[in-house]
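Undergrad: Here you go, sequence then predicted model.
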Amino acid sequence: MSRNDQSDLGRRGFLAGATAVAAATSVPTLATRAAAAAAPDAAANRPNILVILTDDQPLHTEWATPNTLSWLVDGGVEFRQGHVATPLCAPSRSSIFSGRHARHHGVRDNSSPYNLDQSTTVQRHLQQAGYRTGLFGKYLNAWSNKDIPPHFDEWLLSAPVTYNDGTYNDNGTVRTIDGYSTSVIRDRALKFLDKSATDHRPWFAFVAPKAPHGPNTPEPKYADTPVPAWNGRPSVTEEDRGDKPEYIQNATRTLADGRTVRRNQLRTLLSVDDAVKALHDKLATLGQLDNTLVFYLGDNGYSWSDHGWGAKSVPYRPAVEVPFYVSWPAGGLGSGTVDDRLAANIDIAPTILDAAGLAPSPLHDGQSLLGTARRDHLLIEWWHRNPGDDPHTWSSYKSPTEQYIEYYALHTDSAGQEVGTGELQFREYYDLANDPYQLTNLLHGATPADERRLGIPALAAQLAADRAA
């Protein structure tokens, strides 16, 4: 039995019911925070916050991250329904910072990072509440490396993002730093943590390596590491894509292409796992493991040639579902449990403010994961930068058991604003309970009676309401 299989069986052994576990662990957490907020030294009781964000990491990459699993899954909470609200780098990161959907925070594509309202970000709220804040690694696509990332006290901003001997904005000085980027980012984050030995303010660290984003360049010591064999999945070897939109029908990525990307991603993630272990060990040395709230997730998933597609940006599960781990032993999130609720990157900012005892923002689209709130579906969206290119702009209603998708004649202009007629171009509907690999679009050839039987009118109405909210 593999280590991952053992861990999975161990985690499942904790579950007589994920909902009951989540409820049981969250109640004392709320009480603890209320008591801390009432105390004179409330700030001293606030947890440290560590967000570790990988770039393009899909599910099924656990082989490469055993240290991460040992710390944050066996010793935390695994959200197996972890999602991103937009499967693209800058919009996803902006959702993490703001707790908002891209349609609300304004960063709909990778070319408009300055649209983000910085007054809404969690780093602003934490900095104003007395937190020491640091950013290490990738920030937002198209952000000038000469510009300071707002509301961070310290930063090592990697831009443009490269794997070796990269250019960084180092606390206001743009310079080249020799070395492998994941290691460079790790070392600066460790120095930031070290300062807490003498600076006793709570801290927020956003640690964002490039890995496993293309070109997936592994660290030299891992360049030839063998990875487990992979024979694809039904969505990779799907022969008939005639029920899919035209861009998927024309997609040409093969199983061999998927194997190559997977192999390179796994190799680059080995260095991320080393960095996570170093962060864990530093917190242990500092005595801060117990009261540090840690998030680990990918900014989006990635298709290993699923449906012939070899990227993100699509509404299918490999692109929108991501590893999503949370640990905070002092808050009751440290016992190696699984939470089956729908979780998303828009939930991170509300959870952080909740843990820090700060007032929730009325602008948040997400919800704190510390309580028992449960949603029945998510709004997931993506905008195309150029008119007519593939895939077209789309929005999706996604629950654990079904997914409804609409494509539109919309795109973003040079200012990152939505333009176009909005005309409906194509629709898809998948029964995820019986068709987890999304092989059969049940709207292909469906009659109005079929659509009523499937509940499509209600799903379309809900999606329209979500987009208008």
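TA: Perfect, thanks for sending it.

Undergrad: CA atoms of stretch 310-317 as CSV?
TA: This file holds the C-alpha atoms of stretch 310-317, laid out as CSV (Å, rounded to 0.1, in the frame of the first residue of the first chain):
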residue,chain,number,x,y,z
GLY,A,310,-4.0,20.9,-22.4
ALA,A,311,-4.3,24.0,-20.2
LYS,A,312,-6.7,25.7,-17.7
SER,A,313,-9.4,28.2,-18.7
VAL,A,314,-12.1,25.6,-19.3
PRO,A,315,-15.1,24.8,-17.1
TYR,A,316,-14.3,21.1,-16.7
ARG,A,317,-13.3,19.6,-13.4
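
Undergrad: Checking my notes, R374 in a strand, right?
TA: No. Assignment of R374 by DSSP: H, G, I helix; E, B strand; the rest coil gives coil, placing it outside any strand.

Undergrad: my read: it touches D339, true?
TA: No. The criterion here is Cβ atoms under 8 Å, and R374 misses it with D339 at 9.9 Å. Bear in mind the C-beta positions are built from the backbone N, C-alpha and C, glycine included.

Undergrad: who's more crowded, those two?
TA: D339 (24 against 13; other Cβ atoms under 10 Å).

Undergrad: quick one: the more buried one from L353, how far?
TA: Distance, D339 to L353, using Cβ to Cβ, to the nearest Å: 19 Å.

Undergrad: same question, D224
TA: 45 Å.

Undergrad: Please identify which of the two sits among more neighbours.
TA: L353 (21 against 8).

Undergrad: Look at the closest residue to V122 other than its chain neighbours and say how many residues are nearby.
TA: Take V122 and drop its neighbours on the chain: the residue closest to it by Cβ to Cβ, 6 or more residues apart in numbering is A349, 4.2 Å away. By other Cβ under 10 Å, the residues close to A349 number 29.

Undergrad: Was I right to think A349 contacts S361?
TA: Yes. With contacts counted by Cβ under 8 Å, A349 reaches S361, the gap being 7.5 Å.

Undergrad: Mutual contacts of the two, please.
TA: Shared contacts of A349 and S361, defined by Cβ atoms under 8 Å, 6 or more residues apart in numbering, comprise G99.

Undergrad: Okay, and the residue nearest to V122 sits in which element?
TA: helix 348-355 (DSSP states H and E).

Undergrad: Now do that helix: everything it contacts.
TA: 33, 46-47, 49, 51, 96-99, 121-122, 125-126, 204, 293, 295, 297, 326, 328, 331, 359-361, 364, 366-371.

Undergrad: Could you check the biggest helix by length in the chain and say which residues are buried?
TA: In the chain, assigned by DSSP state H, the helix with the most residues is helix 255-286. For helix 255-286, the neighbour count (16 or more other Cβ atoms under 10 Å) marks 258-280, 282-283 as buried.

Undergrad: Repeat that for stretch 188-197.
TA: 188-190, 192-193, 196.

Undergrad: quick one: which of those residues is nearest to Y429?
TA: Checking these against Y429 by Cβ to Cβ gives A189 as the nearest, at 43.3 Å.

Undergrad: Touching, the closest one and L279? I think so.
TA: Yes. If you go by Cβ under 8 Å, A189 and L279 touch, sitting 6.6 Å apart.

Undergrad: In terms of helix, strand or coil, where does P391 fall?
TA: coil.

Undergrad: show me what contacts it?
TA: Taking Cβ under 8 Å, 6+ apart, one finds 245, 247-248, 313-314, 382, 384, 407 in contact with P391.

Undergrad: Point out the ones among those that are inside strands.
TA: Cross-referencing the contacts of P391 against strands under DSSP state E gives 382, 407.

Undergrad: what separates the nearest residue to D390 once chain neighbours are set aside from E418, distance-wise?
TA: Spatial nearest neighbour of D390, excluding adjacent residues (Cβ to Cβ, 6+ apart): Y247 at 3.3 Å. Per Cβ to Cβ, Y247 is found 20 Å from E418.

Undergrad: Please report how far E428 lies from S305.
TA: 19 Å.

Undergrad: ugh, wrong one, I meant D450
TA: 30 Å.

Undergrad: Among those two, which residue is more densely surrounded?
TA: Per other Cβ under 10 Å, whichever of D450 and S305 has more neighbours is S305, with 27 against 13.
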